[in-house]
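Visitor: Take this sequence and fold it.
(chains A, B, C, D, E and F)
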6 protein chains.
Amino acid sequence: MNDEKNRNDGRSAAALRPVTFQRGFTRYAEGSVLVSFGETRVLCNATVEESVPSFMRGQGRGWVTAEYSMLPRATHSRSPRESSRGKVGGRTHEIQRLIGRSLRAVVDLEALGERSIQIDCDVLQADGGTRTASITGAYVALADALNGLVAKGLLLSSPLKESVAAVSVGIVDGSPLLDLNYGEDSHAAVDMNFVITGSGRFVEVQGTAEEEPFSLAELDALRDLALAGCRELAVLQDRALEG
Amino acid sequence: MNDEKNRNDGRSAAALRPVTFQRGFTRYAEGSVLVSFGETRVLCNATVEESVPSFMRGQGRGWVTAEYSMLPRATHSRSPRESSRGKVGGRTHEIQRLIGRSLRAVVDLEALGERSIQIDCDVLQADGGTRTASITGAYVALADALNGLVAKGLLLSSPLKESVAAVSVGIVDGSPLLDLNYGEDSHAAVDMNFVITGSGRFVEVQGTAEEEPFSLAELDALRDLALAGCRELAVLQDRALEG
Amino acid sequence: MNDEKNRNDGRSAAALRPVTFQRGFTRYAEGSVLVSFGETRVLCNATVEESVPSFMRGQGRGWVTAEYSMLPRATHSRSPRESSRGKVGGRTHEIQRLIGRSLRAVVDLEALGERSIQIDCDVLQADGGTRTASITGAYVALADALNGLVAKGLLLSSPLKESVAAVSVGIVDGSPLLDLNYGEDSHAAVDMNFVITGSGRFVEVQGTAEEEPFSLAELDALRDLALAGCRELAVLQDRALEG
Amino acid sequence: MNDEKNRNDGRSAAALRPVTFQRGFTRYAEGSVLVSFGETRVLCNATVEESVPSFMRGQGRGWVTAEYSMLPRATHSRSPRESSRGKVGGRTHEIQRLIGRSLRAVVDLEALGERSIQIDCDVLQADGGTRTASITGAYVALADALNGLVAKGLLLSSPLKESVAAVSVGIVDGSPLLDLNYGEDSHAAVDMNFVITGSGRFVEVQGTAEEEPFSLAELDALRDLALAGCRELAVLQDRALEG
Amino acid sequence: MNDEKNRNDGRSAAALRPVTFQRGFTRYAEGSVLVSFGETRVLCNATVEESVPSFMRGQGRGWVTAEYSMLPRATHSRSPRESSRGKVGGRTHEIQRLIGRSLRAVVDLEALGERSIQIDCDVLQADGGTRTASITGAYVALADALNGLVAKGLLLSSPLKESVAAVSVGIVDGSPLLDLNYGEDSHAAVDMNFVITGSGRFVEVQGTAEEEPFSLAELDALRDLALAGCRELAVLQDRALEG
Amino acid sequence: MNDEKNRNDGRSAAALRPVTFQRGFTRYAEGSVLVSFGETRVLCNATVEESVPSFMRGQGRGWVTAEYSMLPRATHSRSPRESSRGKVGGRTHEIQRLIGRSLRAVVDLEALGERSIQIDCDVLQADGGTRTASITGAYVALADALNGLVAKGLLLSSPLKESVAAVSVGIVDGSPLLDLNYGEDSHAAVDMNFVITGSGRFVEVQGTAEEEPFSLAELDALRDLALAGCRELAVLQDRALEG
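Guide: Numbers count the residues shown, from 1 in each chain, chains lettered A, B, ... in the order given. As a prediction, the model looks like this:
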């Protein structure tokens, strides 16, 4: 598709960074996965709570929600904690709402029953794509937590309908690229995030022109890169859960 | 495209609601537009400030930013003010960041010089599509404010590169529809917002599966509806600015 | 009383600005009135809620409360939103407590039953006297909301005991004036607000010497101007409610 | 004027409670007065700061401002601290703005020069009339602080133009009464506060109908009681400052 | 132990400042003590509440908690109120947790039953050792409040197990000193606070090297000074409660 | 000293848990150490900033400060984020002030020059002793960051005066124990934390009787356990830094 030598880490335009899932990273959470997309590392913990938020009580349905945070020194220069500033910023709100929506799209909430899965995504190290890594890793932690409910006899089978993964794509120096690292992301003209299920259907599409508006042809090229990338991630997720 | 009799207000699937722009709605703002998309009514005020935020000083570039709020009783049941709750919610943050980005995409910030345009979008009445109405109306208020700078001799020509408009699309009862009203939006399976320039290029694409993930064919159908809708809005904006 | 040619908009010392009430300004609120005192325009929405605050429950009495806000660009230069600053300022608190007390003074709270009327006063454009315009307009919105309860059969008759209106008076360049606009208010030596019922009785009297303390004779002159002004406003309110 | 035996502490309708001023109550403040109106006791500390708020710099004028707070157990039942609730309430805002305005009315701010007097009124024990006691006591603390500037040679003479005092009046069981204690205040039909200078001129007039609106005759009776009460307080203030 | 002439107020190294307890300082609190350690003066009010925090309900046990605050002008230069800054600072949190723990250590919470004692320590004047004076005075206020419950027949006997007092010690210019005043505290190399019961047992030990770390010998010397100081305070507390 | 079989993980009373330091755990921080005390794991990152807080500018001295946080699911049941609750709790404040003071005690702040070291301690997994593990690990991260300044030629030599470590001790079932894990800590009668330098001097001593006050003999036994434990930690820190 484009000159592959252009990427700053030697990847081809359509290549993911090395992606790994370290399950059981901490011992108390019902699902605990350290996901890496290259140098981006996010700890995804899933907590099972035997209740739902008050606005949902008595409906016989479960809930999945997420929180997202970066450690202050996950990045090249330190950023202040949101707890010190006394409020959660707009970007954080956007991301945690996105993670929650993405996971709920693949869970049968009726089958889950009146319980909640709380996902915590804490970025230990950030090199671009932290929100897409969070979704991709959180799916594995969620699967572990739900399988735990089955193992304990609290559910007959996992309420997961299919898998879900997410990836960023963008146009850098005129070329559509898959899975941008921080160096690429910071000078991308267009930045898109796709959340796509294992069956190739879309849960979320988010695209922003950082500089120039983009054309229909560019939109289609990015969409195709993301479809292929998420197909690959779904295979890696399955493999991790079998391991 | 689909059975036109299905819409709750008699529109065809590809029809906008009646869209009007009332310029000069208040007398102090440099641009003041009351935009209506059917029963959705948003007051868009543009304020010129002869300075930029501190992080941008000395770079010779201008800035455009936006704030968004709903009056408590814009909706069927009253919602509490964000000032009473002591913080601005996540949804509000998302929307005002979106409005700001969308407008900046069509302004030559170097040509604007070291001044800011502050856009305030206050929803007086809400019947779906308040964020897309805000962007579409704010563009007209912005154009008025920039033309005012030209009229005062502070700028040689307007730093607008082209127009920008926004529209929502969605899949309701299996059919792709343009410009959802509240009744449609509240049971849409898929909800997308597109921000598109007068030249037909994309500034923002945001799509969310509220229930089921959506297919590639559905994504393409929604994209086409939005392109046509924004083309129509661009004509209405031009006409309003000539009036 | 004084040289009538002195007022900056040609009014005589004892004249109100043109006062209008636009009922049904928005469609969802149970009472919705856009009140104008000259260029001052306030949207007064009344919401009926079938409950009372927790500290009042079980007493068989209703409640009326108010919130007040200015749109950022209601004024000549933009002022920041209170939601962005994360708290409601002292002036806003004073005004919304005043509006609530003024309206409760004319409502038979036992007859209202255990329900609340929430009044929202949002200033769209400010040219002095926004708190007195808010009270005067809110009374009309309140009457509409209460008549709505009668029309629905929820109340046998309106629990309003009489009408209430408010007006500002002040001493400008040595002369007592009625209904100050912003230009007058900003260099008044004394500024008073009176809230007076349709039967000519006082609900609130608030006077402040902005520069020099004022004499007993001046206090009496201002009181008389306000009594006459509110008598006139009561007639206009009645007429609007009959319309 | 009314049956004097009716007051719950044996006073006549037009009598003040015993009023005392204990100067030098704490040792660090430039003025420190413990004022008592019967069982109401307020510690008024005046602090001299050799600067003014930023919005006033370079104008050659001084400033006087006030803060007001009640100790949690100043009252019959404990009330939570405003610092614990994370914000200052509306009533506190109203009172501290009132105290500041009242004191500024008798200070020649040009003669004060570019310095601030910060008044802190902390209620140690509350039995009604805490805001009027605060103003009356704060005047004495302010006078001490200003005399201290003269003594140090920083000012040639005190910038006080005259004295200022405040008192509450109200209608209880149909009778106008001076200087209400808590028992009277809590079932007053009308509650007014007057701030009056030593020369008998008005700085602030604040009246509220707690139950029924009040007539013109009642307004005049309350005004006269307050004028006499403040005349008496001015004498007591002078005597305290001579002591 | 060291050259006694070195202390800035003429005390010997092992001497307390004059300590007094003024009981019944305010009239509404169930226990109200103004404690003085030299120029440090703290008002300690104890409030009885017939309930416990929600997390403790139904366990048949009581609770004792404390809040601590300084008046803005308790110190040489004025410090802003925590209510104005919108949050309670870290130092305040530490101190109020310390006061609460110290008092709970000598109360039989089962014998207290499901009620709370809320202690408010408000520093009127600060000259060092405000937290230790608070604990020492709060014990007396607590004893008064508990004796009041006995007097009312709500408790058969006071649930106090023994007395508790607190004192600061430190190393100043190389010498261990008891009960530091502000002048000493501000250049102490080591600063320790001990909370010790009437029977000579430790409730809290807190020591901090402000400059150089301290040796085992120094730790032992400070511990012995504190034991003797608290023994003396226990006698003074007993005497005050008998008075 | 006591029956060694009593400890819930098989340790003797005077034994530390296995302690490890993983340097370079993240790649951007100037010092980054994952410290483990058994199952307690804390990520300690040190950030060098070439400035000091404004209150210290121009004095030619540096500063070391710390922040502390627990991931929500570091513990057996999830606890809410402090950023969501909008404020940093009292316990967190106490701990981060303690970490900062402990590290500053061993740094020559003049030699550091006008720069700051910001320490972030984020608890990934908590099994008791998180604050003492934080101090012990933070020392290693601090040493790495300071050695980095030497390596870059910004400092001639490390401004560390000696090492510092911390350990908890407590009385459990009547026995003094070193380095409590969560199971022990949660039913300890006395809980103490000691911060001790490599030369065996005290920086901080903090002891709290959770149930019964403790005797002089118990205080001395705990002090001795802590001295031995910190001596051992100092050896492990040295070894890690040589590695």
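Visitor: moving C-terminal of the lowest-mean-pLDDT helix or strand in chain A, what's the next helix or strand?
Guide: Of all helical and strand segments in chain A, the minimum by mean pLDDT, DSSP states H and E falls on helix A:82-85, at a mean of 70. For helix A:82-85, the succeeding helix or strand toward the C-terminus, using DSSP states H and E, is helix A:90-104.
Visitor: Residues in contact with that following helix: which ones?
Guide: A:63-69, A:82, A:117, A:119, A:121, A:130-131, A:134-135, A:138-139, A:142, A:164, A:166, A:193, A:195, A:203-204, A:206, B:89-90, B:93-94, B:97, B:208, F:83 (C-beta atoms under 8 Å, 6 or more residues apart in numbering or on different chains). No exception for glycine: its C-beta is placed from N, CA and C like everyone else's.
Visitor: Just the ones of those residues in helices?
Guide: Counting by DSSP state H, the contacts of helix A:90-104 place A:82, A:130-131, A:134-135, A:138-139, A:142, B:90, B:93-94, B:97, F:83 in helices.
Visitor: is it possible to export those to CSV including neighbour count?
Guide: Listed next are the ones in helices among the contacts of helix A:90-104 as CSV, based on neighbours: other C-beta atoms under 10 Å in any protein chain shown:
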residue, neighbour count
A:82, 19
A:130, 22
A:131, 23
A:134, 29
A:135, 31
A:138, 30
A:139, 32
A:142, 26
B:90, 17
B:93, 19
B:94, 19
B:97, 17
F:83, 21
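Visitor: Just the closest of those residues to chain C, please.
Guide: Comparing those against chain C with C-beta to the nearest C-beta places residue B:93 closest, at 10.7 Å.
Visitor: Quick check: the gap between that closest one and residue C:31.
Guide: In this view, residue B:93 and residue C:31 are 32 Å apart by C-beta to C-beta, to the nearest Å.
Visitor: Residue A:10 now?
Guide: Distance from residue A:10 to residue C:31, by C-beta to C-beta: 68 Å.
Visitor: Show me which of these two is the more surrounded one.
Guide: For the pair residue A:10 and residue C:31, the greater number of neighbours falls to residue C:31 (27 against 9), based on other C-beta atoms under 10 Å in any protein chain shown.
Visitor: residues contacting the more buried one?
Guide: Neighbour list for residue C:31: C:23, C:44, C:45, C:46, C:140, C:141, C:142, C:143, C:144, C:145, C:148 [criterion: C-beta under 8 Å, 6+ apart].
Visitor: For chain E, state which of those is nearest.
Guide: residue C:45 (30.0 Å).
Visitor: Number of residues surrounding residue A:173?
Guide: Using other C-beta under 10 Å: residue A:173 sits among 12 other residues.
Visitor: likewise residue A:9?
Guide: 12.
Visitor: Can you tell me the closest non-neighbouring residue to it?
Guide: Counting by C-beta to C-beta, 6 or more residues apart in numbering or on different chains, residue A:9 lies nearest to residue A:181, which is 6.3 Å off, once chain neighbours are set aside.
Visitor: Quick check: the one you found vs residue A:104, distance?
Guide: Residue A:181 is 29 Å from residue A:104, by C-beta to C-beta.
Visitor: what does residue A:135 give?
Guide: Distance, residue A:135 to residue A:104, using C-beta to C-beta: 12 Å.
Visitor: pLDDT wise, what is the residue of chain A most remote from its centre at?
Guide: Distance from the centre of chain A peaks at residue A:58, with 30.1 Å (C-alpha atoms, centre = their mean). In this model, residue A:58 is scored at 91, pLDDT.
Visitor: and if you look at the one 3 residues further on?
Guide: pLDDT, residue A:61: 95.
Visitor: cool, the one 10 residues further on as well?
Guide: If you check residue A:71, the pLDDT there is 96.
Visitor: Would you confirm that it contacts residue F:120?
Guide: Yes: with contact defined as C-beta atoms under 8 Å, residue A:71 counts as touching residue F:120 (6.8 Å).
Visitor: Look up the residues that both of these two are in contact with.
Guide: Residues touching both residue A:71 and residue F:120 comprise F:43, F:45, with contact defined as C-beta under 8 Å, 6+ apart.
Visitor: so what does the helix or strand harbouring residue A:226 touch, helix or strand wise?
Guide: When elements are assigned from DSSP H and E, residue A:226 belongs to helix A:216-242. Counting contacts by 3 or more C-beta pairs under 8 Å, 6 or more residues apart in numbering or on different chains; DSSP states H and E, helix A:216-242 packs against strand A:19-23, helix A:130-151, strand A:164-172, strand A:175-178, strand A:190-197, strand A:202-209, strand B:202-209, helix B:216-242.
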